[in-house]
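In: Can you look at this prediction? I've put the sequence above it.
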Amino acid sequence: MANLSLDEITAKYLDVLSEIGNIGAGNATSAIANMLGMKVDMSVPHVELLQVEKIGSLLGSEEDIVVGILLGVQVDIDGSMMFLMDLPSAHRLVAKMMMQDVSDVDLESAEFTEMEQSAIQEIGNIIAGAYLNALSQLTNLTLTPTVPYLSIDMAASILSVPAIMFGMQGDQALLIKTDMGDDDGGINGFFILMPENDSYVKILSALGVPV
């Protein structure tokens, strides 16, 4: 099976990957809504391949503190995925999950209790599981997430993890940006899917796309 460089992914391949991103993000949003027992609206996800070093600019300043959940993806494909949120989004999700009044929470605080950090990791588990389940159903591939790693740090520091990983394989990532929200405010989320190069071939081939 041929290896496929990210630089060789054409518009045709990107259309297919974008559809995967749309379905995966929709599944993740539904999972969050079910977990919280409420309606969550989702904008149409914006999907693109972009330079890893440019991801930070989409989050605002690279010195802004963000919440990142990183998981490995294993079994039939290898790689990683990351879910990034700004601080207000993370606090809103945690408050909803812990049945707190969002208006009583300091949305700009970078401090999270141990219980709140556990809640964020559980959110990451649910989001990753829903996303990978959607991809698995589409491709009939077995995809399993590893235990999530939580980081609350400057965007540049968190993004150095995929940057280092991609330093060995390429310099682009598949980024899926989606906005979720309810009456208490929006939740801005970024999915970053980072399959290894041969895993792109497996995904596209499983979908019947010649590569």
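Out: Ah, there it is. Numbers count the residues shown, from 1 in each chain.
In: Let me know the pLDDT of residue 188.
Out: On pLDDT, residue 188 comes in at 75.
In: Which residue is the nearest non-sequential neighbour of it?
Out: residue 89 (5.1 Å; CB to CB, 6 or more residues apart in numbering). (C-beta placed from N, C-alpha, C; glycine too.)
In: doesn't the one you found fall inside a helix?
Out: Yes. Judged by DSSP: H, G, I helix; E, B strand; the rest coil, residue 89 forms part of a helix.
In: check contacts around it.
Out: 67, 186-189 (CB atoms under 8 Å, 6 or more residues apart in numbering).
In: Would you list the buried entries among those residues?
Out: 67, 187-189 (16 or more other CB atoms under 10 Å).
In: Can you add distance to residue 121 and give the residues you listed back as a markdown table?
Out: Below are the buried ones among the contacts of residue 89 laid out as a markdown table (distance: CB to CB, whole Å):
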| residue | distance to residue 121 |
| --- | --- |
| 67 | 10 |
| 187 | 17 |
| 188 | 19 |
| 189 | 15 |
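In: Where does pLDDT dip in this structure?
Out: 1-12, 51-53, 55-60, 161-172, 181-185, 197, 211 (pLDDT under 70).
In: in it, which spans are strands?
Out: Ranges of strands in the chain, per DSSP state E, are 41-42, 46-51, 65-75, 79-86, 143-145, 149-154, 172-182, 185-195.
In: of all these, which lies closest to residue 127?
Out: strand 79-86 (5.4 Å; CB to CB).
In: circling back to that earlier point, tell me the one of the contacts of residue 89 nearest residue 17?
Out: Looking across the contacts of residue 89 and measuring by CB to CB, the closest to residue 17 is residue 189, at 17.8 Å.
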